[in-house]
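Participant: Sequence and predicted model, in that order:
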Amino acid sequence: MLTTTQSKTAQSEAINSLASHHNLDGGYINTAKDFTENTAILPLLKRYITEDRIDAQPKNSIPLIEQTAHSLEQLPPEQDSVIRLGHSSIFIQISGQNWLIDPVFSNRASPFSFVGPKRFHQPPISLESLPHIDGVMISHDHYDHLDKQTIKYLTNKVKHFVVPLGVDKHLIKWGVPATHIQSLDWWQSARFDGVTLTATPTQHFSGRGLFDKNETLWASYVIESETHKLFFSGDSGYFDGFKQIGERFGPFDLTMVETGAYDKDWPSIHMTPEQSLQAHIDLKGHQMMPIHNGTFDLAFHSWYEPLNRITDLAKQENVDLLTPIMGQIISVGKTPETSAWWEHKPERISAAD
């Protein structure tokens, strides 16, 4: 059963704090006084053409742990589990339910199949091999988070799609029944048989074309079961919203925080590893899993730099950092063995091994 909730107190707090993200002329805005976006296409193209880059893509294959419907169906339903599928795509089992977050299974994060950022690796499980999926969460409508072909495949296989305001229009256009979509504003919640999802603020932007900038909302998610509490950042620059979320919902057993695709020209819409770690601390997180890295070339830094930097920072600050191989099953609340897989030689591991 699904219910949408927002207490009067939460409504009042949202109005007094971050509710001004609604633009009076329609669409959505970021409210920080020092917010800058700098996403103009031509300057970016010039930099890509003229700047020397080091190790923008892996020279060797990225290690994967392959999963199948059978292997995921064997997960103990009482144990909440998380699996990185690549970039910010996540499979979670929580309260016995299977959810996908920002699933991107296409070969490119692009409106075109022949050009645009191409995957460094295939997903550790194919779309066709997925087990039953109860629901899908989308953080915003950028191509590396909202994949048209993936959504169209899942349309008749998933009953619940949870999205920020406005993103439902994309899904309906692609064939998802409106009755299967729950659109949330910041601080609004939807409940699914023991799992509560709350859309929470981020500092980012939206749009899939030249003329739809910020027409849809962007969000992070608080994911709660009876036993665990998770946080998924979506995309965001560092801002005070993380402290607000931590104060209202923390502590978190696991935070999945954007750590990658940052740049000196995008200080307000993506976080450096130092800021990602601070966001985790602000959220009152226990374990941290850096996401938004290791799959697509979306910035000017080397492909492995985010993981190297966040690993060093976590050691300095005594943060319990999880860096699982794509496809590795993480049991929430337990300390798994993870490694600097981005430094490994090519290998592909079966879940049966």
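Facilitator: Structure's in. What do you need? Numbers count the residues shown, from 1 in each chain.
Participant: all helices for the stretch 251-353 of the chain, in order.
Facilitator: Per DSSP state H, counting those that start in this stretch, the stretch 251-353 of the chain has helices spanning 273-282, 305-317. These are given in chain order.
Participant: Pick the most buried one from these.
Facilitator: The highest mean neighbour count among the helices of the stretch 251-353 of the chain belongs to helix 273-282 (a mean of 23), with neighbours defined as mean count of other C-beta atoms under 10 Å. Where C-beta positions appear, they are placed from N, C-alpha and C, glycine not excepted.
Participant: gap between that one and the chain center?
Facilitator: 15 Å (C-alpha atoms, centre = their mean, to the nearest Å).
Participant: same deal with stretch 267-278?
Facilitator: With C-alpha atoms, centre = their mean as the basis, the mean position of stretch 267-278 lies at 14 Å from the chain mean.
Participant: what's the average pLDDT for it?
Facilitator: Stretch 267-278 comes out with an average pLDDT of 98.
Participant: what do you get for stretch 309-320?
Facilitator: What stretch 309-320 shows for mean pLDDT is 98.
Participant: Can we start the residue count at 8 from this point?
Facilitator: All set: I'll call the first residue 8, so the last point we hit is now stretch 316-327.
Participant: And for residue 209, nearest residue in space, chain neighbours not counted?
Facilitator: The shortest distance from residue 209 to any non-neighbouring residue, by C-beta to C-beta, 6 or more residues apart in numbering, is to residue 243 (3.7 Å).
Participant: Please apply the same query to residue 289.
Facilitator: Setting aside the residues directly before and after it, residue 289 is nearest to residue 249 in space (C-beta to C-beta, 6+ apart), at 3.9 Å.
Participant: contact partners of the host helix or strand of that neighbour?
Facilitator: Here residue 249, judged by DSSP states H and E, is contained in helix 248-256. Contacts made with helix 248-256 from outside it, assessed by C-beta atoms under 8 Å, 6 or more residues apart in numbering, are listed as 24-25, 205, 207-210, 227, 229, 231, 236, 238, 259, 285-286, 289-292.
Participant: Would you show me how to pick out the buried ones of those residues in PyMOL?
Facilitator: With 16 or more other C-beta atoms under 10 Å as the criterion, this PyMOL line picks the buried residues out of the contacts of helix 248-256:
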select buried, resi 24+25+205+207+208+209+210+227+229+231+236+238+259+285+286+289+290+291+292
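Participant: Cool, thanks, signing off.
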